[in-house]
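K.L.:
just need the structure, nothing else, for what follows:
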Amino acid sequence: MIPTFHGLETAKRGISTQQSALFTVAHNIANANTVGYSRQRVSFTPTNPYPGTGLNRPEIPGQIGTGVTAGKIERIRDAFLDRQYRLESNKLGYYATLADSLGKIEEIMNEPSESGLHSVMEKFWKALQDLANHTENTGAREVVASTGEMLAETINYYYNSLVRMKNEIGNQISVKTKEINTLLSQIDQLNKQIASIEPSGQLPNDLYDRRDLLVDQLSSLVNIKVKTVVPKNYGKADPSAVGVYQIELVKNDGSSYAPPVYLIHADPASGRTAVNEVKVLDENGQSESLSGSVQTVMVGEQSLPDFSFLGELGALIESFGYQDSGQVKGIYPEMIQKLHNFTLAFANEFNAVHRAGYSLGGTAPSGLDFFEFDPANPAGTIRVSQTILDDTSKIAAGLNSGDSGDNGNAALLAAIKSKNFNDYITKAQLPPNMNGTIDSYYAGIIGKLGVDAQNAIKDRDNVQVLVDSVDYNRKSISSVSLDEEMTNMITFQHAYNASARIITVIDEMIDKIINGMGIVGR
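P.N.:
Now for the predicted structure:
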């Protein structure tokens, strides 16, 4: 015969298990708006039935259940969607940062507009045409000098703005590097906390969530591969224990460097983890206030052979500039170099034509440069000669004499706008890869900038759609639904009440046995 008290134990287990489920529902509801939180669920497991197999088992028809227990509290998470989200988040960080860098260059160049370099150049060419029509007119000469100065100042402004923005990107690289190292340190601390809890058989779900949120943030900065390491000697860890995270820095195609580059390395036997900090060094070996270009990226003591790890940091390095086979590449360095090439080609040819001309009343070729500049930094230093600003009659408008009617050289100066580089007097001094005219060369710079910026924006928007889609799918699985939790709450509440009612019924049965049996005939 089964003891009457058997029912009390069964009902008690029911109350205890339903209570755990209710407390878990309360925890889910409390964290419904917590970023990175994954809803949790209590897994119910039936306890062993009575009686067990054996020679002395009572003769009853079958086994009687003994109730339920809370097996474990697990979080609802999809590892595949986590990997997909981090992959797309890395691309989004890269393209968004790239689009921002190119957008800032577009703001600086400000084309097309009245204040843009193209518009200022048009005013300069028009002033030269007016001078060719009125070589003796002092006002026309003053306009040439002033528009020339405006042209030089616009080029100076472009150069200084590009350099200032490049320096700001250098500071951003330092900030992002510190952010990466901070995230790695926090992830490693959580690794250690998790490794101290899991061997006892517990599942620290909230620590898992905090760690995954930090990894999500890290994935937008650099491309990473996350591997879970469950040490061989791990106590009485639950089979569902996640273990510690080993984080590897990988290339943009997901392949590993040779040898592998670990941001956090985990020992497979002991589970001990070690952080390798990231350092971005410029050509002077500095990691703060970067200047020049990025020479190398260090992870611990390991130097990366290239910078193809995408993310925000990869885009910032690509924008700032980096060394590649002895050459400086990157968005801002290349744009600054194009501005130097434009200035050098234009100023050298203009000066050569101007030197061969005659100033007003001159009896010999002028020999005077219209523009002055430092050949090592033409875009940053170009200006109109002070001699010409002080005396505009020094502008060499004549071709054969200084007579007021000789406008031949002014016409040649104005013709530089459409003069092919192959016909330049200073052809030997031209920077490499100069084709077409000075006007078409600048138009090509602006055109390529516009195409690159639009492509980056398009890529950013396309990846944003993918990130939103993956994030939606991930949240549909892991996030807290208040409607669902309210339904669960009512379900577990009814089950709790029913278990409590069983205890009341059994109490009445025991009372009947104790106080109502064996009293007949008294």
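K.L.:
mind listing the residues bridging to the residue nearest to Val229 when sequence neighbours are not counted?
P.N.:
Leaving aside its chain neighbours, Val229 sits nearest to Ala266 (4.1 Å; criterion: Cβ to Cβ, 6 or more residues apart in numbering). For the C-beta atoms, the positions are set from N, CA and C on the backbone; glycine is no exception. Counting by DSSP bridges, Ala266 is bridged to Thr273.
K.L.:
how many residues are close by Ala266?
P.N.:
A total of 24 residues lie near Ala266 under the criterion other Cβ atoms under 10 Å.
K.L.:
repeat for Leu92
P.N.:
Per other Cβ under 10 Å, the neighbour tally for Leu92 reads 25.
K.L.:
buried set for the helix or strand containing it?
P.N.:
Element membership for Leu92, per DSSP states H and E: helix 79-109. Neighbour-count burial for helix 79-109 flags 81-82, 84-102, 104-105, 108-109 (criterion: 16 or more other Cβ atoms under 10 Å).
K.L.:
which residue ranges form the helices in this protein?
P.N.:
5-30, 79-109, 117-133, 138-197, 205-219, 311-320, 331-356, 378-381, 386-390, 408-415, 438-478, 482-516 (DSSP state H).
K.L.:
spatially, what comes nearest to Gln295 if we skip its sequence neighbours?
P.N.:
Of all residues not flanking Gln295 in the chain, Glu283 sits nearest, at 4.7 Å (Cβ to Cβ, 6+ apart).
K.L.:
repeat that for Leu399.
P.N.:
That would be Gly408: by Cβ to Cβ, 6+ apart, it lies 2.7 Å from Leu399.
K.L.:
ok, that neighbour touching Ser401?
P.N.:
No: using Cβ atoms under 8 Å as the test, Gly408 is too far from Ser401 to be in contact (9.4 Å).
K.L.:
near the residue nearest to Leu399, how many other residues are there?
P.N.:
16.
K.L.:
okay, the helices of the chain, which one's buried deepest?
P.N.:
Among the helices of the chain, the stretch with the highest mean neighbour count (mean count of other Cβ atoms under 10 Å) is helix 311-320, at a mean of 25.
K.L.:
can you redo the helices of the chain as TSV with mean pLDDT and distance to Gly254?
P.N.:
Formatted as TSV, these follow (pLDDT from 0 to 100; distance: least, Cβ to Cβ, whole Å):
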stretch	mean pLDDT	distance to Gly254
helix 5-30	92	34
helix 79-109	95	8
helix 117-133	93	42
helix 138-197	95	19
helix 205-219	96	12
helix 311-320	94	13
helix 331-356	95	24
helix 378-381	96	40
helix 386-390	94	59
helix 408-415	92	55
helix 438-478	95	15
helix 482-516	91	35
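K.L.:
and those helices as TSV, adding distance to Thr47?
P.N.:
Listed next are the helices of the chain as TSV, based on distance: least, Cβ to Cβ, whole Å:
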stretch	distance to Thr47
helix 5-30	7
helix 79-109	31
helix 117-133	82
helix 138-197	25
helix 205-219	24
helix 311-320	50
helix 331-356	66
helix 378-381	81
helix 386-390	98
helix 408-415	98
helix 438-478	30
helix 482-516	14
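K.L.:
gap between the residue lying closest to Ser401 once chain neighbours are set aside and Thr487?
P.N.:
Spatial nearest neighbour of Ser401, chain neighbours left out: Tyr358 (5.6 Å); criterion: Cβ to Cβ, 6+ apart. Computed as Cβ to Cβ, to the nearest Å, the Tyr358 to Thr487 distance reads 95 Å.
K.L.:
repeat for Pro239
P.N.:
29 Å.
K.L.:
then Gly362?
P.N.:
Distance from Gly362 to Thr487, by Cβ to Cβ: 96 Å.
K.L.:
what of Ala21?
P.N.:
Counting by Cβ to Cβ, the gap from Ala21 to Thr487 is 12 Å.
K.L.:
same question, Leu98
P.N.:
With Cβ to Cβ as the criterion, Leu98 and Thr487 are 46 Å apart.
K.L.:
now do the contacts for Pro204.
P.N.:
193-194, 197-198 (Cβ atoms under 8 Å, 6 or more residues apart in numbering).
K.L.:
go again with 7 Å.
P.N.:
With contact set as Cβ atoms under 7 Å, 6 or more residues apart in numbering, Pro204 has these partners: 194, 197.
K.L.:
residues near the residue nearest to Pro231 when sequence neighbours are not counted, how many?
P.N.:
Excluding the flanking residues, the one nearest Pro231 by Cβ to Cβ, 6+ apart is Gly271, at 3.5 Å. Using other Cβ under 10 Å, Gly271 has 22 neighbouring residues.
K.L.:
for Gly271, phi and psi?
P.N.:
Dihedral pair for Gly271: phi 80, psi 0, per degrees, to the nearest 10.
K.L.:
am I right that it is in contact with Tyr245?
P.N.:
No: at 10.8 Å, Gly271 does not count as touching Tyr245 under the criterion of Cβ atoms under 7 Å.
K.L.:
please name the bridge partners of the residue nearest to Ser401.
P.N.:
According to DSSP bridges, beta-bridge pairing links Tyr358 with Gly398.
K.L.:
what sits against it?
P.N.:
Tyr358 neighbours (Cβ under 7 Å, 6+ apart): 365-366, 396, 398, 401-402, 406, 409.
K.L.:
cool, Arg355 as well?
P.N.:
Taking Cβ under 7 Å, 6+ apart, one finds 365-369 in contact with Arg355.
K.L.:
give me the buried subset of those residues.
P.N.:
Buried among the contacts of Arg355 by 16+ other Cβ under 10 Å: 365-366, 368-369.
K.L.:
which one of those residues is nearest Lys251?
P.N.:
Nearest to Lys251, judged by Cβ to Cβ, of the buried ones among the contacts of Arg355 is Asp369 at 49.9 Å.
K.L.:
how close does the nearest residue to that closest one once chain neighbours are set aside sit to Arg211?
P.N.:
Residue nearest to Asp369 in three dimensions, not counting chain neighbours: Asn351, with 4.3 Å by Cβ to Cβ, 6+ apart. Using Cβ to Cβ, Asn351 is found at 64 Å from Arg211.
K.L.:
residues in contact with Ser393?
P.N.:
Going by Cβ under 7 Å, 6+ apart, Ser393 touches 141, 359-361.
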